[in-house]
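with the input below, show me the fold.
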Amino acid sequence: MSETEYLRGFVKDILKPIIVEAINEVNIETAQKQEKRYYTREEACQHLKISTATFYRLAKKGKIQLLKIEGKTLVDAEELDEAIDTRMVYRYQH
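Predicted coordinates for the structure are as follows:
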């Protein structure tokens, strides 16, 4: 067996499955990141550790953007997490 044939076999049998698996993992992670997530009002309050009154006060000030769908109050999870990261909204610690 020549060195070239040995390398081709190594790539085909060993490296190719590893590369395919890595690509599939990246595709799954990308698809999950692209899927929109929302918090309900209760979940957002729990996440921020604040009361409902404080939640609505922050929304009135424009610090939290609300989305109303079929009578439910939702908050874009990515936007809320970004607001926390940039300190636009503070998470209260007890």
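
those helices in this protein, which residues are they?
With helices called from DSSP state H, the chain shows them at 3-10, 16-34, 41-48, 52-60, 77-85.

possible to save the ones you listed as TSV with mean neighbour count and distance to K68?
C-beta coordinates here come from the backbone N, C-alpha and C atoms, glycine included. What follows is the helices of the chain, written out as TSV (neighbours: other C-beta atoms under 10 Å; distance: least, C-beta to C-beta, whole Å):
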stretch	mean neighbour count	distance to K68
helix 3-10	10	58
helix 16-34	10	24
helix 41-48	16	10
helix 52-60	14	11
helix 77-85	15	15
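
can I get those in a markdown table with distance to L67 and mean pLDDT?
As requested, the helices of the chain are arranged in a markdown table below (distance: least, C-beta to C-beta, whole Å; pLDDT from 0 to 100):
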| stretch | distance to L67 | mean pLDDT |
| --- | --- | --- |
| helix 3-10 | 53 | 80 |
| helix 16-34 | 18 | 79 |
| helix 41-48 | 11 | 91 |
| helix 52-60 | 11 | 91 |
| helix 77-85 | 10 | 85 |
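
so which of these gets nearest I69?
helix 41-48 (11.9 Å; C-beta to C-beta).

which helices and strands sit right next to that closest one?
helix 52-60, strand 72-76, helix 77-85 (3 or more C-beta pairs under 8 Å, 6 or more residues apart in numbering; DSSP states H and E).

okay, now the domains of this protein?
Domain ranges of the chain: 1-35, 38-85, per automatic domain parsing.

out of the helices of the chain, which is closest to L66?
Judging the helices of the chain by C-beta to C-beta, what sits closest to L66 is helix 52-60, at 5.1 Å.

contacts for the closest one, please.
R41, A44, C45, L48, I50, I64, Q65, L66, V89 (C-beta atoms under 8 Å, 6 or more residues apart in numbering).
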